[in-house]
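# return a 3D structure for these sequence lines:
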Amino acid sequence: MKTITAILILLSAVCTAQTASNVYPIQEGFVDANGALVYYMTVGRGSPLMIVHGGPGASHDYFLPYLLPLARHNKLIFIDERGSGKSEKLQDVSKYTVGNMADDCEAVRQALHLGKISLLGHSYGGVVVQAYAFKYQQNLTHLILGSTFSSTTEINQALAKTKAAMPADKRSRVDELEKAGLFNKGQVWEHGRYPEEYAKLAWGVGYFPYLYQNRPDPNYDPLSGNTNTSWDLYREMWGSDGEFVVDGNLKSVEWVGKLWMIKVPTLIIVGDHDESDPIMSKEMNAKIKGSKLVIVPNSGHMTFVDQPDLFIESVSDFVNGK
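Sure thing, here's the model as predicted:
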């Protein structure tokens, strides 16, 4: 009888272990990071990989479900930057800065006892993780810069090219709307966001050709930015003069001359039709010694949507040393 009981216990343990190996529980919570409650969500197992979203003023949601396969080999830590997504909104908008958001990443790392981490930033998130690397490089094992920039001057040049490529009549209308002012228009509840016409022109006609190439999202709606953006943060950081010029506090980002300071293994990944002009990624690659550049073919800004297998393989192999 004792032998049978022991066998049953052993079989139960084996079954539990097999089941557990196929289960990826989610943990979520908030870290009080320098006076802002920052939301985090973790999933997966393995060495930690923190993932920082773009915008500014978006949330981690646009990464899902596309980045989930990375959880098979790494513990993923998604965060919502201060003022974005599920994180605390601040009354004092001057506290929405790149430097503060980099410090928030460090606060989450410490609070979750992650040790050294790999850090991935996409689009504006790539600016945040560069700031993190300049200040907290000793806490990094790997850095991934996705579809991002190191100079506001250069991203403004890229945005000007995007605008210039619009059909002449659409571009002319964008100019008219921008000249008239983009906020405090329409009904009272519309005052704090773009007019619908402008959102469709800028995020639709203007941006869409540089967001997707190989696998355009059939659910993409240029008006979604009006409801999914943290507008007080966006206007503080990006500015209030439209999509095609950065003139908020992001103007301080002019880091090309200090990229040499990044010494950790760095992967730079960008779409060949990216709204973040691949010329900027090539420059980063030249400035960061030993960095690796992957230009994703037939891809816009959303590289992990256009070429999901290539994106996941590139990041996973880089982080896990394959």
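# if you go through the protein in chain order, where are the helices?
Along the chain, counting by DSSP state H, helices occupy 2-21, 98-111, 124-136, 152-164, 168-180, 196-199, 208-211, 224-228, 231-237, 278-287, 303-306, 308-319.
# for the fifth one, the distance to its chain's centre please.
This means helix 168-180. Between the centre of helix 168-180 and the centre of its chain there are 29 Å (C-alpha atoms, centre = their mean, to the nearest Å).
# related to what we said a few turns ago, turn the helices of the chain into CSV, including distance to L68, mean pLDDT and mean neighbour count.
Just so you know, the C-beta spots here come from the backbone N, C-alpha and C atoms, and that holds for glycine as well. Putting the helices of the chain into CSV (distance: least, C-beta to C-beta, whole Å; pLDDT from 0 to 100; neighbours: other C-beta atoms under 10 Å) gives the following:
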stretch, distance to L68, mean pLDDT, mean neighbour count
helix 2-21, 16, 49, 9
helix 98-111, 20, 98, 20
helix 124-136, 18, 98, 24
helix 152-164, 29, 98, 17
helix 168-180, 36, 98, 13
helix 196-199, 29, 97, 18
helix 208-211, 21, 97, 19
helix 224-228, 20, 93, 15
helix 231-237, 27, 98, 21
helix 278-287, 25, 98, 19
helix 303-306, 10, 98, 25
helix 308-319, 9, 98, 18
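# out of those, which gets nearest to K251?
Of all the helices of the chain, helix 152-164 sits nearest to K251, with 5.2 Å by C-beta to C-beta.
# returning to what we had before: for the helices of the chain, which one sits closest to G54?
With C-beta to C-beta as the criterion, G54 lies closest to helix 124-136 of these, at 4.2 Å.
# circling back to that earlier point, could the helices of the chain be laid out in a markdown table, adding distance to I117?
Below are those laid out as a markdown table (distance: least, C-beta to C-beta, whole Å):
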| stretch | distance to I117 |
| --- | --- |
| helix 2-21 | 24 |
| helix 98-111 | 6 |
| helix 124-136 | 10 |
| helix 152-164 | 26 |
| helix 168-180 | 40 |
| helix 196-199 | 36 |
| helix 208-211 | 28 |
| helix 224-228 | 27 |
| helix 231-237 | 24 |
| helix 278-287 | 20 |
| helix 303-306 | 19 |
| helix 308-319 | 10 |
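# which stretch among the ones you listed approaches V31 most closely?
Among those, helix 98-111 comes nearest to V31, with 4.4 Å by C-beta to C-beta.
# now the angle from that closest one to helix 124-136?
Interaxial angle, helix 98-111 versus helix 124-136 (axes from the mean of the first three to the mean of the last three C-alpha atoms, to 10 degrees): 70 degrees.
# hang on, the earlier thing: out of the helices of the chain, which is closest to I262?
helix 124-136 (5.1 Å).
# mind giving me the packing neighbours of the closest one?
strand 47-52, helix 98-111, strand 117-122, strand 140-146 (3 or more C-beta pairs under 8 Å, 6 or more residues apart in numbering; DSSP states H and E).
# thinking again about what came up before, looking at the helices of the chain, which is nearest to T42?
Using C-beta to C-beta, the nearest of the helices of the chain to T42 is helix 98-111, at 9.9 Å.
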